[in-house]
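K.L.:
this one's sequence-less:
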């Protein structure tokens with residue numbers, strides 16, 4: 001393992017852009033940053049705090065979470081796509097992902113993660129016309145979200161329930177009832193996740209010092225040890 005950047009408060013939401021490099025956020029101190037392909041780090045979205053999820057936009061810029069879901073262009077222009085005020089009890093959003101059609105799937109938060117008693121939030125989808133649908137409830141803390149390679153399943157970490165959910169995805173972007181895909185063990189925290197091209201599901205074990213890897217049927221495949229006190233998120237990056 002190689003450390004490529006340090007001095008940040010809580011690194012989250014890594015996104016690889018083949019043209020530019022690796023985007024990541026600092027949830028606590030604020031800002032979205034770019035580690036470019038020659039190793040230089042520069043601010044992309046200054047000061048914005050609580051960005052737990054990001055995605056590339058097809059026409060440039062980034063989709064970012066936080067107090068709302070917003071598109072931020074390369075020139076800093078910002079357009080809100082979903083505000084927490086539209087969801088009763090919500091105070092913000094954490095992780096997010098997109099499907100093959102460009103819909104945005106995101107989990108809402110009903111409490112301040114580091115300060116309040118946990119309250120359940122929801123899973124939502126933002127459709128291409130800008131409308132929002134609520135897909136599932138009872139999520140204590142949305143973290144990783146990711147689709148199977150064929151788009152037929154959505155995986156969803158609930159960090160306060162030691163649970164990775166899986167949903168069957170319908171053609172219109174809705175999902176069926178969730179079922180248990182995997183757990184990490186008592187006292188463990190499933191955080192960010194990514195799905196590999198072979199369908200395996202890679203889950204950051206925030207308190208376990210590892211990335212846990214599962215087959216597409218939920219069977220535990222292997223662990224990757226990470227010598228860090230907290231493992232929050234991951235992504236696949238690089239030309240290979």
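P.N.:
Arrived safely, thanks for sending. What you are looking at is a predicted structure, and each value in this text was computed from that prediction instead of being measured. Residues are numbered from 1 along each chain as shown.

K.L.:
quick one: stretch 69-84 to chain centroid distance?
P.N.:
17 Å (CA atoms, centre = their mean, to the nearest Å).

K.L.:
that one: end-to-end distance?
P.N.:
The stretch stretch 69-84 measures 8 Å between its terminal residues, going by CA to CA, to the nearest Å.

K.L.:
and what of stretch 123-131?
P.N.:
Using CA to CA, the end-to-end distance of stretch 123-131 comes to 14 Å.

K.L.:
which positions in stretch 96-105 come out as buried?
P.N.:
Neighbour counts using 16 or more other CB atoms under 10 Å place 96, 97, 98, 104, 105 of stretch 96-105 among the buried residues. All C-beta atoms are positioned from the backbone trio N, CA, C, and that covers glycine.

K.L.:
just put these in JSON lines and tack on pLDDT, secondary structure and distance to residue 32.
P.N.:
Listed next are the buried residues of stretch 96-105 as JSON lines, based on pLDDT from 0 to 100; DSSP: H, G, I helix; E, B strand; the rest coil; distance: CB to CB, whole Å:
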{"residue": "96", "pLDDT": "97", "secondary structure": "strand", "distance to residue 32": "13"}
{"residue": "97", "pLDDT": "97", "secondary structure": "strand", "distance to residue 32": "17"}
{"residue": "98", "pLDDT": "97", "secondary structure": "strand", "distance to residue 32": "17"}
{"residue": "104", "pLDDT": "98", "secondary structure": "strand", "distance to residue 32": "17"}
{"residue": "105", "pLDDT": "98", "secondary structure": "strand", "distance to residue 32": "20"}
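
K.L.:
who does the helix or strand where residue 138 lies pair up with?
P.N.:
Secondary-structure assignment from DSSP states H and E places residue 138 in strand 132-139. Applying DSSP bridges, strand 132-139 is found paired with strand 121-126 (antiparallel).

K.L.:
downstream neighbour of the strand holding residue 138 in the secondary structure list?
P.N.:
Moving toward the C-terminus from strand 132-139, the next helix or strand (DSSP H and E) is strand 142-147.

K.L.:
can you list the strands that the next helix-or-strand element following that next one pairs with?
P.N.:
On the C-terminal side of strand 142-147, the nearest following helix or strand under DSSP H and E is strand 153-158. The partner list of strand 153-158 in its sheet, established with DSSP bridges, is strand 142-147 (antiparallel), strand 163-168 (antiparallel).

K.L.:
tell me which of those strands sits nearest to residue 64.
P.N.:
Closest of those to residue 64 is strand 142-147, at 14.4 Å (criterion: CB to CB).

K.L.:
geometric centre of this protein: which residue is closest?
P.N.:
Most central in the chain under CA atoms, centre = their mean is residue 95, positioned 3.3 Å from the mean C-alpha point.

K.L.:
could I get the pLDDT score of it?
P.N.:
Confidence per residue is given as pLDDT, and for residue 95 that number is 95.

K.L.:
any chance of TSV for the buried residues of stretch 96-105, columns distance to residue 20?
P.N.:
Putting the buried residues of stretch 96-105 into TSV (distance: CB to CB, whole Å) gives the following:
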residue	distance to residue 20
96	20
97	20
98	18
104	21
105	24
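
K.L.:
so which of those is the closest to residue 182?
P.N.:
Proximity of those to residue 182 was ranked by CB to CB; the top entry is residue 97 with 17.4 Å.

K.L.:
if the closest residue to the closest one other than its chain neighbours is in a bridge, with which residues?
P.N.:
Nearest-residue entry for residue 97: residue 145, 4.1 Å, with adjacent residues in sequence omitted and distances by CB to CB, 6 or more residues apart in numbering. With DSSP bridges applied, the residues forming beta bridges to residue 145 are residue 156.
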